[in-house]
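**Student:** Have a look; sequence and predicted model below, questions after that.
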Amino acid sequence: MTALILEQLLNGLQLGVLLFLIAAGLTLIFGVMDFINLSHGSLFMLGAYFAVLFQGLTGSFLFAVGLAGLAVCLIGLLFEVLLVRRLYDRSHLDHVLVTYGLILVANESVSIVWGASPVFSGLPGELSGLVALPFGISYPLYRLLVIAVGIAVAALLFWLVKETRVGMRVRAGATNRTIVSVMGVNISLLFTMVFAFGAFLAGLAGALAGPLLSVQPGMGETVLILSFVVVVIGGLGSIKGALLAAVMVGLIDTMGRAFLRDFLSAFFSPRVASEAGPALASMLVYILMALILFFRPEGLLPMQKRS
Amino acid sequence: MRKTLTSLGLLAAMSAGSAMADETVDVGLIFSLSGSGAVLGTEMQKGADLALEISGGKLGGLDARFVYEDDQRKPDVGKTAAEKLTRSEKVDFIIGPSYSNVMMAVHTPVVRSGTILISPNPAPADLAGKSCNENYFAVPFQNDQPSEALGLYLNDKGISKVFVVVPNYQAGKDVVDGFKRTFKGEIVSEIYTSLEQNDFSAEMTEIKSRAPEAVLAFMPGGLGVQFVKQYDQAGLKSQADLYTIFTVFNGVSLDAIGAAADGVYSVDQWTYDLDNAANQEFVTAYRAKYGTLPSNFAAMAYDAVRLVDGAVTAAGGIEDKDALRKAIKAASFQSVRGDFAFNNNQHPIHSMYLAKVSQDDEAGALAVKREALIVEKMVDSFAGDCGLE
């Protein structure tokens, strides 16, 4: 039983880490630029497709993941310079309209280039084994790798935001944009960098998720919804909040799917438990979000925002 | 003089044209051609197009016209498409849709309008039993049949501990109901996953902890790609055989899963290596046109068009609806399945096979290959509830 719970905890952590990679970019962009980017999921999808493309070209999986992240970063950069930059002064409704349009464009372009059917995205042999862990758990090596990459990226992000000059400006920009630009910081360059970096994280997450998921048009949307939940729970603009919320959402979702039915059958008849269990498990995350919105509308660890 | 001749010729051509228009077989096809359901819809489109091409653009000797509609796997969109096809296009037949949820929305408006509805894939239990209709024909199977057949097979093999994973919606429950109807062993656990779910790590851990002898999974479309990949990555393939229904198929599905699919079982009413003339003609033509082995979905859409072709020939045209219905029910065509007949509820009586994914050396790709015949001349469980004779 301990082994089972521990293994499910690992599963939850892995899902949480993947969500964090996506939500971190989303929350940075929202916190710093006050910009709602619905097309963030499309960047995730592009990351997965680019990883497949580069793996075919270079033959190395890890190299392809890195390249895919960079390629999506470049696309994010172009997005920002050509389109998004013009929207900062507009209302949120305009952001939503334009970025929703981008989702449609991205899905359609991907199905023109790669077709509407899923494409193959496999693991190289050396990453597809199982690792023996304490308590008799054998866990897929690749999922452990995803967890490790996620933790490394989280550490890097905290260091960047807390300790570096750029990070200081990002924090300042999130707190009060006008003052930052009055102080002589090139705010538009800062915005471009943040947007491109957010895109890089989404692309990296997509590339890492490729071998686990079905790489097909529209694969970004389901992930996008969960990452918005993470951003809302964590507090808009807060990296620390995003990490906490992502791990919480990952754990709650996984544990709910794994144990809720057995838990319910302790109180109700097996029939009721097997009917209500799966239904309730898929709602748990949203119930959590509703509770947070009710008791702490600003999220768990909100940014200090003055304007 | 010359001018008169030309106009006479034109007149003749025009009258010929209008005479032809009355004798055109109009077929509306409602498939899921965009969105995440497009994986199946495009397969069906390939099969239907091939059937029309082979018969030289004619059905039953008459000129034929295909009108495609995309339902995006959404019931409301499918219903609008069905109304358009029956009211303004006034088609003679509708083939479609691709999914059960759309079928439930499309069925009533089509059969009420008197148009003949032929299902190339979904066949929910309700429409096979109490709500059967003289204008509705299901070509591939009744939804519960594959899992009923699997239950029989596992009984026979002496497998007694099975783990079941299906998506939490009507078709998933149909599969489980069908399986329970015939399987005599113990179902160690049944898990219903969300249709939106793409990571199955929690389910894989659960399967591992219950140590079943076999796993039954029904994961349609893109879900199947993720499920089979993750099943392999979790190292489960060596622990329990994976039996699937509507999950893996030749072409795009196996290409996307890759080697992880090797050795996975599937229960089907048709496989590409069935030994009969109609099937060989179909597989050869399909490979020549599209370059891959045909999927089950393409084969069933092909059968649906051939059924129309045979019925129009037998009824001698499309004017007499009663004669047409009778001709369809007599199944006057060569199914790629070989043995095929309609039951009183207009659902198939046919054989069910166990198939296994393995390498096809000639095609140089993985393929769902026939492994064993499970049951011959199988009827569905709902024919008794249907009032038709």
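**Tutor:** All right, it came through fine.
**Student:** now the helices for the chain?
**Tutor:** Went with chain A since none was named. Using DSSP state H, the helices assigned to chain A run over residues A:2-33, A:40-58, A:61-82, A:92-114, A:141-163, A:165-175, A:177-182, A:187-209, A:219-234, A:239-264, A:270-295.
**Student:** wait, chain B
**Tutor:** Taking DSSP H as the criterion, chain B contains helices spanning B:2-22, B:38-54, B:75-87, B:100-112, B:125-128, B:145-157, B:170-182, B:201-210, B:222-233, B:252-257, B:277-290, B:296-315, B:321-329.
**Student:** Just want the angle from the fourth one to helix B:170-182.
**Tutor:** If I follow you right, that is helix B:100-112. Orientation of helix B:100-112 against helix B:170-182 (axes from the mean of the first three to the mean of the last three C-alpha atoms, to 10 degrees) gives an angle of 90 degrees.
**Student:** before we move on, the earlier item: a markdown table for the helices of chain A, including mean neighbour count?
**Tutor:** Yep, even glycine has a C-beta here, placed from its N, CA and C like the rest. Listed next are the helices of chain A as a markdown table, based on neighbours: other C-beta atoms under 10 Å in any protein chain shown:
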| stretch | mean neighbour count |
| --- | --- |
| helix A:2-33 | 24 |
| helix A:40-58 | 24 |
| helix A:61-82 | 20 |
| helix A:92-114 | 15 |
| helix A:141-163 | 16 |
| helix A:165-175 | 18 |
| helix A:177-182 | 14 |
| helix A:187-209 | 24 |
| helix A:219-234 | 23 |
| helix A:239-264 | 23 |
| helix A:270-295 | 15 |
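**Student:** Output those as TSV; include the columns distance to residue B:91 and mean pLDDT.
**Tutor:** Written out in TSV, the entries for those read as follows (distance: least, C-beta to C-beta, whole Å; pLDDT from 0 to 100):
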stretch	distance to residue B:91	mean pLDDT
helix A:2-33	45	90
helix A:40-58	37	94
helix A:61-82	44	94
helix A:92-114	28	92
helix A:141-163	50	92
helix A:165-175	59	84
helix A:177-182	59	84
helix A:187-209	42	92
helix A:219-234	34	90
helix A:239-264	44	90
helix A:270-295	39	86
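**Student:** Which of the ones you listed sits closest to residue A:127?
**Tutor:** Taking C-beta to C-beta as the measure, the helices of chain A were each checked against residue A:127, and helix A:141-163 came out nearest at 5.0 Å.
**Student:** what would the helices of chain B look like in TSV with mean pLDDT, distance to residue B:360 and mean neighbour count?
**Tutor:** TSV is the format used below for those (pLDDT from 0 to 100; distance: least, C-beta to C-beta, whole Å; neighbours: other C-beta atoms under 10 Å in any protein chain shown):
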stretch	mean pLDDT	distance to residue B:360	mean neighbour count
helix B:2-22	46	43	9
helix B:38-54	93	18	24
helix B:75-87	94	35	20
helix B:100-112	93	30	21
helix B:125-128	90	34	24
helix B:145-157	95	22	22
helix B:170-182	90	27	19
helix B:201-210	90	28	22
helix B:222-233	90	18	26
helix B:252-257	88	10	24
helix B:277-290	95	11	16
helix B:296-315	95	15	26
helix B:321-329	93	34	18
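**Student:** wait, which of the ones you listed is closest to residue A:65?
**Tutor:** When these are compared for distance to residue A:65 using C-beta to C-beta, the nearest one is helix B:222-233, at 16.4 Å.
**Student:** now check that closest one, is it near chain A?
**Tutor:** Yes: using C-beta under 8 Å from any C-beta of the partner chain, helix B:222-233 reaches chain A at B:222, B:223, B:225, B:226, B:229, B:230, B:233.
**Student:** how about JSON lines for the helices of chain B, with distance to residue B:246 added?
**Tutor:** Conversion of the helices of chain B to JSON lines gives the following (distance: least, C-beta to C-beta, whole Å):
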{"stretch": "helix B:2-22", "distance to residue B:246": "40"}
{"stretch": "helix B:38-54", "distance to residue B:246": "9"}
{"stretch": "helix B:75-87", "distance to residue B:246": "19"}
{"stretch": "helix B:100-112", "distance to residue B:246": "10"}
{"stretch": "helix B:125-128", "distance to residue B:246": "15"}
{"stretch": "helix B:145-157", "distance to residue B:246": "7"}
{"stretch": "helix B:170-182", "distance to residue B:246": "8"}
{"stretch": "helix B:201-210", "distance to residue B:246": "18"}
{"stretch": "helix B:222-233", "distance to residue B:246": "8"}
{"stretch": "helix B:252-257", "distance to residue B:246": "10"}
{"stretch": "helix B:277-290", "distance to residue B:246": "20"}
{"stretch": "helix B:296-315", "distance to residue B:246": "8"}
{"stretch": "helix B:321-329", "distance to residue B:246": "24"}
